[in-house]
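1. fold the following for me, if possible:
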Amino acid sequence: MSAVEQSPIAIAAHAGAAVSWTADHLHALAATRHDRAPLIGDADVVRIAPDLDIWDAWPVQDADGGPSALPGGQTLWMALGAPRFPDPDERHGHARIHLMLRDATGWQPLGPAMPDGFSPGSREWSGSALLAADRRTLTLFFTATGRRGEATPTFEQRLFRADATLARVDGAYRLTDWRGLDEFVVRDPAHYMASDAGSGAVGTIKAFRDPAYFHDPRDGRHHVFFATSLAGSASAFNGAVGWATARDDTLAQWNIRPPLISADTLNNELERPHVLFHQGLYYLFWSTQRHVFNPDGPTGPTGLYGMVSDRLDGGWRPLNGTGLVFANPDAAPKQAYSWLVLPDLQVTSFIDAWGSDGSDANARRFGATFAPMLRLRLQVDEAGLETE
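-> Sure thing, here's the model as predicted:
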């Protein structure tokens, strides 16, 4: 039996206990220098479209994780999008996955990725997208939040996948022939808390979302990593990173696995976790915000966090000894969020509450567009921002 064909029993037996991200790691922040992202200014806030707010984004990727190159150096991306609202938090209740084109001139919005009525949720939250070697077949992994047609939005989150055909229609790229919609990873209540168990208040929502695809170059297996909440926790701060593994190369059937990382008693949301393989090591990154740390402390800044290991199923060590890779600047602690590290170590994110330290009237200013690209430096257990 090959590694890809490994049985669910063998997978479960090989998996160890989740590695804990703890208060002791965060206490070390006080004595540890960490990088801060450059301050975002007016010239950086370039909207995709005047009537479209966008946030969490990811490229249509090849199996190696890099953006799929189209003729002329163009790439396709997806992002959550919604109409503009006076209160930017309202966008989460109207989110749809949008397709967009990136080229040397900038960004071009191409409209919702999936047709009306196709998604089983009342809204669509983050995921990832894989373009097959035929350059036509696209697989989208995404979060269906709520249920289509529900009278009052709920916060149930389910992990779905679907296939589409990438085509050029009237000179523009479109995703057509959507098919194969399937709840490919079903929550295991022994390990993962129900995603609708928390309240709907920002920062208290429980998680079963953000499936991020990863193809392991060592053994050829396919995985997704997702944000989740631990079952059986006595704490309201029970964020974790979960994962699942495809049974074969068809990506049709998947085995859910026990959590990889636990932030029990420390933090409620380890959002958009994703893995890359760099210089023989695995790096697992996630984003989190200051307000979702346990207020009993310690708390960390809003930033990109991560761990490193020489294998996927355990042995994870917090980068820099604390887990923090870099944070927003003190002058604008909420300026950007939802960082995604690409294989070339470029880092994309969106502009959030920029140009404010949160103490003035601009604290709610929402950028709603891509933040300037950053670049990481990674050296075994140390990570930070590359400087010019």
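
2. so where's the stretch 1-150 of the chain uncertain?
-> 1-16 (pLDDT under 70).

3. can you give me the pLDDT of the spatially most central residue of the chain?
-> Nearest to the geometric centre of the chain sits Arg272, at 2.2 Å (Cα atoms, centre = their mean). Looking at Arg272, its pLDDT is 98.

4. so it touches Asp210, yeah?
-> Yes. Contact criterion Cβ atoms under 8 Å: Arg272 and Asp210 qualify, at 4.7 Å. For every residue, glycine as well, the C-beta is placed using N, CA and C.

5. now do the shared contacts for these two.
-> 56, 126, 227 (Cβ atoms under 8 Å, 6 or more residues apart in numbering).

6. mind checking which of those residues are in strands?
-> 56, 126, 227 (DSSP state E).

7. what sits against Ala246?
-> By Cβ under 8 Å, 6+ apart, the contact set of Ala246 is 4, 221-223, 252-254.

8. Arg148 versus that one, what's the distance?
-> As for Ala246, its distance to Arg148 is 26 Å (criterion: Cβ to Cβ, to the nearest Å).

9. repeat for Arg218
-> The value you get for Arg218 to Arg148, if Cβ to Cβ is used, is 39 Å.

10. same question, Ile351
-> Using Cβ to Cβ, Ile351 is found at 31 Å from Arg148.

11. which of those two has more neighbours?
-> Higher neighbour count among Ile351 and Arg148: Ile351, with 25 against 12, using other Cβ atoms under 10 Å.

12. next, count neighbours for the nearest residue to the more buried one once chain neighbours are set aside.
-> Distances taken as Cβ to Cβ, 6 or more residues apart in numbering put Gly367 closest to Ile351, at 2.6 Å, once the chain neighbours are dropped. Counted with other Cβ under 10 Å, the neighbours of Gly367 add up to 24.

13. and Gly367, what does it touch?
-> Going by Cβ under 8 Å, 6+ apart, Gly367 touches 40, 45, 335-336, 350-354.

14. show me the contacts for Ile54.
-> The neighbours of Ile54, taking Cβ under 8 Å, 6+ apart as the test, are 48, 79-81, 98, 100, 350, 368-370.

15. could you pull out the strands for the stretch 1-150 of the chain?
-> 19-20, 35-36, 53-61, 75-82, 96-103, 106-112, 123-131, 137-145 (DSSP state E, counting those that start in this stretch).

16. and for Leu342, the neighbour number?
-> Counted by other Cβ under 10 Å, the residues lying close to Leu342 total 19.

17. wait, Gly355 sits on Ala336?
-> No. Assessed by Cβ under 8 Å, Gly355 is found out of contact with Ala336, at 11.4 Å.

18. more neighbours: which of those two?
-> It is Ala336, of Gly355 and Ala336, that has more neighbours when counted by other Cβ under 10 Å, with 29 against 19.

19. need the pLDDT of the more buried one.
-> The predicted local confidence for Ala336 is 97.

20. contacting residues for Gly297?
-> Ala23.

21. that one should be in a strand, yeah?
-> No. Using DSSP: H, G, I helix; E, B strand; the rest coil, the assignment for Gly297 is coil, not a strand.

22. would a markdown table of the shared contacts of Arg272 and Asp210 with neighbour count and distance to Gly306 be doable?
-> Output for the shared contacts of Arg272 and Asp210, formatted as a markdown table (neighbours: other Cβ atoms under 10 Å; distance: Cβ to Cβ, whole Å):
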| residue | neighbour count | distance to Gly306 |
| --- | --- | --- |
| Asp56 | 24 | 17 |
| Ser126 | 27 | 18 |
| Ala227 | 28 | 14 |
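
23. between these, which is closest to Leu312?
-> Distance to Leu312, by Cβ to Cβ, is smallest for Ala227 among the shared contacts of Arg272 and Asp210, at 17.2 Å.
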